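Visitor: I need the structure of the sequence given here:
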Amino acid sequence: MKIQPNEYRITGKWEFVNGEMIGDRNCKRIEFLTSEILEEVASDESGWYTLFFNTELGNYWELSYPQSELHGGGPPELSRNDDLDQLQARYNFQLHG
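Guide: Residues are numbered from 1 along each chain as shown. Sure thing, here's the model as predicted:
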């Protein structure tokens, strides 16, 4: 499912199923969006943030791992960020639009 214009955050969660941790449907959706729909633009110096551009809607999305203290970095979160000044400072390059 593509990103809807009214969406601002997609948060993945890990679930314990049959003795193992697996990503929920939001984790699977984030994987689909970042590999098939969104255009990867940059990563920050820490490697914990990756910036993507949604060419269809013309906005920026950041992939992060807010529970990075968990094994493997924790589940992913994809957040829309419309603050171009903040993005320019974090990723240090010329942004679209």
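
Visitor: which residue is the nearest non-sequential neighbour of the residue nearest to the spatial centre of the chain?
Guide: Most central in the chain under C-alpha atoms, centre = their mean is L63, positioned 2.2 Å from the mean C-alpha point. Closest residue to L63 in three dimensions, ignoring its sequence neighbours and counting by C-beta to C-beta, 6 or more residues apart in numbering: T50, at 4.4 Å. Every C-beta, even on glycine, is put in place using the N, C-alpha and C of the backbone.

Visitor: ok, now which ones touch F93?
Guide: By C-beta atoms under 8 Å, 6 or more residues apart in numbering, the residues touching F93 are V41, A42.

Visitor: partners of the residue nearest to the centre of the chain in the sheet?
Guide: Judged by DSSP bridges, the bridge partners of L63 are T50, L78.

Visitor: quick one: pLDDT of it?
Guide: L63 is assigned 97 on the pLDDT scale.

Visitor: quick check, it in contact with E77.
Guide: Yes: with contact defined as C-beta atoms under 8 Å, L63 counts as touching E77 (7.4 Å).

Visitor: re earlier: how close does the residue nearest to the centre of the chain get to N54?
Guide: 12 Å (C-beta to C-beta, to the nearest Å).

Visitor: which residues of this protein score low on pLDDT?
Guide: 68-73, 94-97 (pLDDT under 70).

Visitor: ranges for the helices of it?
Guide: Counting by DSSP state H, the chain has helices at residues 25-32, 84-91.
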